[in-house]
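**Q** Got a sequence here, can you build the structure:
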Amino acid sequence: MTAMNVLQSQLQDREVFSGLKSNNALKATAETVLKGTSNGLESVRTAPDLESALEKVVAGKADLSAPGTAEAIIMVTGYPSLMVKNGDFEEPAEPVWRSRLNPHREAIKGVIRSVGRVDLKNHPSLKWAGTCWLVDDDVLITNRHVAELFCEMRQTPQLRKDIQVCVDFAEEFGSDTELEYLIGSLIHIEPIDSIVDLALMRLAKNTAGQLKLEPVPLSTDLRSAEFIGTVGYPANDLRNNPRDPFIRIFQGKFEKKRFAPGRIMDPQHQTEVFTHNCTTLGGNSGSAVFDVRTGAALGLHFGGRPQEQNYAVKAEFILDRLRKSQIHVVDFRPRDTPRTNGAAGHAGTDPSEARPLNINFDDRDGYDPNFLGDGDLSLPMPLLNLVQAARAAETPDRDIVLKYRHFSVIMNAERRLAYCAASNIDGNSLRNPRRASKFQLDPRLPVERQAGDALYRSNDFDRGHLVRRLDPCWGEEDAARQANTDSMFYPNIAPQHKDLNQKIWNDLEEHILQTVDDRNARVSVFVGCIFGDNDPELRNSGVKVPMEFWKVIASTAPSGRRRQQQLQAQAFVMSQRSLVKPGDLEIVFGQGFETFQITVEQLERITGLDFHKLKDADTFGLTERTRERMRQESAETSRPAASLDSHFKRLRELEDIVM
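**A** Numbering: from 1, shown residues only. From the prediction side, this is the model:
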């Protein structure tokens, strides 16, 4: 039985080719092709020509082994190769593809950013060799047959010394912009007799930190992908027939970045290989083949015959070669999101955030309310009010508390950032594990309930930890390592301006730990975002950025004749408003300072949270007797119970803290 070719596979997509009859996409494509063309294309100027050709194609009566220009226009309109400009793909002419792709535009753009062209300098005959893409912070993947063009195939293959190899993540239509980085070494190249046509390369030293690009995650779940895409640099090389109308309708626009959607044809073509029907040409070698819903790469395109067969190495074999090369990336599973229905997608999604397969949180202890002691020393997490509780993000088990190692987080589902995070710190058993390299979405929450990497692209905001990375890293080595990784999940991250002076803010915990008894060097820390209705929204993600953050640090100290341990607490607020918007903090505090101490009572008013007994443990706060007197005076005079000046203090240094 003859295997189905690309054109036959595309023809099975009745939704696309039936839709061509009811819109002007074919005519628009034909006009674009014919405009300024004088290379002998036969006439397709009239609608009947296209309609007649379309009827033949749909009815299976067209000779697809030797298509004419009309048939070629139909096929490329039905399954387009879309130009990329400014990091985004052009709007498809066919409405069916608009409904399939636009809801996932952010995920697709994430892949587009991380795909580059392999450029060669000083090569005797080639300016570039093919396509490559990031699979780790400084690791690129391409095809073996691409790497052979600039490598010395010795017992240990290496880059040729007479050729400079670079990756350019730009090379887009209508732009001279270059995002070119030097490739420093070859990590792995498959043997010539291996069907796994891949090679791994490493960027030059100290280059990864300049990229600000995320690796494309890998997924082994081929059957969950309804629609896929390739991103690469189609070329009109000598292997293509110069008279082929599929080549001519590209109008000479080759060697630039394109995105081509399609579908998987045969997921089990071979053990290591699947086939797909995306529109590709020579030059696409090394392209990422990915699920458009998640942006997770399913395979590595390595060739075929244009419009006949397209082949890709499966992700599981890419993962295998990465692991054998001591490159430890996580195998990602596509998110459990609804299939395309034409509805708008969720802004701020990103391909690097697909769900990990092997994350299980069942053993996480989370924040311990009895960490400082039980009874009067027990401290529950801050309590949300009724409005906040209704907006809290829930796990599939209807739980609003996300437990990690030694800390917990409660998320605001609407704002996609944390209401609060609570952590325990044991100052006597702190460890300092190496920083985990990747931020990740939490698989327990829907992607639209948390803000991921898209929030931090092309702006002045950094990923700021709420619970500081090293705070939960204490105890046994395995627990500390787990806490370190857990601190990198996005529910614990919030946008903080790159110029924000956090010196005092970041040193608060250490300062208070130094004041407590060494025999009981423990503190519990609560931290979160202050959400305002007028917070500015970042257009690329749809997320409103909080202008202030709060923190409460609780510890114990001996008190009274019996020197019994009693709670003490200090509350703080840090602002970035003056860095983000003109003016000072007129709405809330009246001046533009950055870090200050605030009473727990006033913090409750600002945040809407209930901090339980910490009001009475506040070293900067008012006693209950004073608080009651002020309430009575307020009732008698109809004035506010206290002015703001009674509740906050600017901190110029740590010694200004009222302990």
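**Q** Every contact and neighbour count from this point should use C-alpha atoms.
**A** Will do.
**Q** The helix or strand encompassing residue 133 pairs with which strands, parallel or anti?
**A** Taking DSSP states H and E as the criterion, residue 133 maps to strand 128-136. Each strand paired with strand 128-136, and its direction, by DSSP bridges: strand 115-121 (antiparallel), strand 139-142 (antiparallel).
**Q** so of these, which one's packed in deepest?
**A** Comparing the strands paired with strand 128-136 by mean neighbour count (mean count of other Cα atoms under 10 Å), strand 139-142 ranks first with a mean of 26.
**Q** pLDDT value on residue 266, please?
**A** We have a pLDDT of 87 for residue 266.
**Q** swap in the one 5 residues further on?
**A** pLDDT, the model's per-residue confidence, is 90 for residue 271.
**Q** Look at it and say how many residues are nearby.
**A** Neighbourhood size, residue 271 [other Cα atoms under 10 Å]: 11.
**Q** do the one 4 residues further on as well
**A** Summarising burial for residue 275: neighbours were counted as other Cα under 10 Å, giving 25.
**Q** Could you give the bridge partners of it?
**A** With DSSP bridges as the criterion, residue 275 is bridged to residue 266, residue 311.
**Q** ok, it to residue 425 distance?
**A** Applying Cα to Cα, to the nearest Å, the value for residue 275 to residue 425 is 52 Å.
**Q** As a check, name the ranges of all helices in the stretch 401-550 of the chain.
**A** 477-486, 503-515 (DSSP state H, counting those that start in this stretch).
**Q** any idea which of those helices scores lowest on pLDDT?
**A** helix 503-515 - the lowest mean pLDDT of those, at a mean of 66.
**Q** Name the nearest residue to residue 310, sequence neighbours excluded.
**A** Nearest residue to residue 310, sequence neighbours excluded (Cα to Cα, 6 or more residues apart in numbering): residue 304, at 4.7 Å.
**Q** Let me fix that, I meant to ask about residue 184.
**A** Residue nearest to residue 184 in three dimensions, not counting chain neighbours: residue 204, with 3.9 Å by Cα to Cα, 6+ apart.
**Q** And that neighbour, how far from residue 211?
**A** Distance of residue 204 to residue 211, given as Cα to Cα: 12 Å.
**Q** How about residue 92?
**A** Distance from residue 92 to residue 211, by Cα to Cα: 29 Å.
**Q** Neighbour count: the two, which is higher?
**A** Using other Cα under 10 Å as the criterion, residue 92 and residue 211 rank with residue 92 on top: 20 against 15.
**Q** Show the pLDDT at that one.
**A** Per-residue pLDDT puts residue 92 at 86.
**Q** pretty sure it belongs to a strand, no?
**A** No: counting by DSSP: H, G, I helix; E, B strand; the rest coil, residue 92 is not found in a strand; it is coil.
**Q** State the helix or strand in which the closest residue to it other than its chain neighbours lies.
**A** Distances taken as Cα to Cα, 6+ apart place residue 98 nearest to residue 92, at 5.8 Å, with adjacent residues excluded. In this structure, residue 98 sits in helix 95-101 according to DSSP H and E.
**Q** Report the backbone C-alpha coordinates of that helix in PDB.
**A** The C-alpha trace of helix 95-101 is given here as PDB (Å, rounded to 0.1, in the frame of the first residue of the first chain):
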ATOM      1  CA  PRO A  95     -10.500  32.000   8.300                       C
ATOM      2  CA  VAL A  96     -10.200  28.400   9.400                       C
ATOM      3  CA  TRP A  97      -6.500  28.900  10.200                       C
ATOM      4  CA  ARG A  98      -7.100  32.200  12.000                       C
ATOM      5  CA  SER A  99      -9.500  30.400  14.300                       C
ATOM      6  CA  ARG A 100      -7.100  27.500  14.800                       C
ATOM      7  CA  LEU A 101      -3.900  29.600  15.400                       C
END
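**Q** mind listing what's buried in it?
**A** Buried residues in helix 95-101, counted by 16 or more other Cα atoms under 10 Å: 95-97, 99-101.
**Q** Same list (those residues) but as a markdown table, adding distance to residue 317.
**A** Converted to a markdown table, the buried residues of helix 95-101 look like this (distance: Cα to Cα, whole Å):
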| residue | distance to residue 317 |
| --- | --- |
| 95 | 36 |
| 96 | 33 |
| 97 | 30 |
| 99 | 32 |
| 100 | 29 |
| 101 | 27 |
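**Q** quick check, nearest of those to residue 556?
**A** Distance to residue 556, by Cα to Cα, is smallest for residue 101 among those, at 55.9 Å.
**Q** tally of neighbours for the spatially closest residue to that closest one that is not a sequence neighbour?
**A** Closest residue to residue 101 apart from its sequence neighbours, by Cα to Cα, 6+ apart: residue 292 at 7.2 Å. If you count neighbours by other Cα under 10 Å, residue 292 ends up with 30.
**Q** Just confirm residue 292 contacts residue 110, I think it does.
**A** No: assessed by Cα atoms under 8 Å, residue 292 is found out of contact with residue 110, at 10.2 Å.
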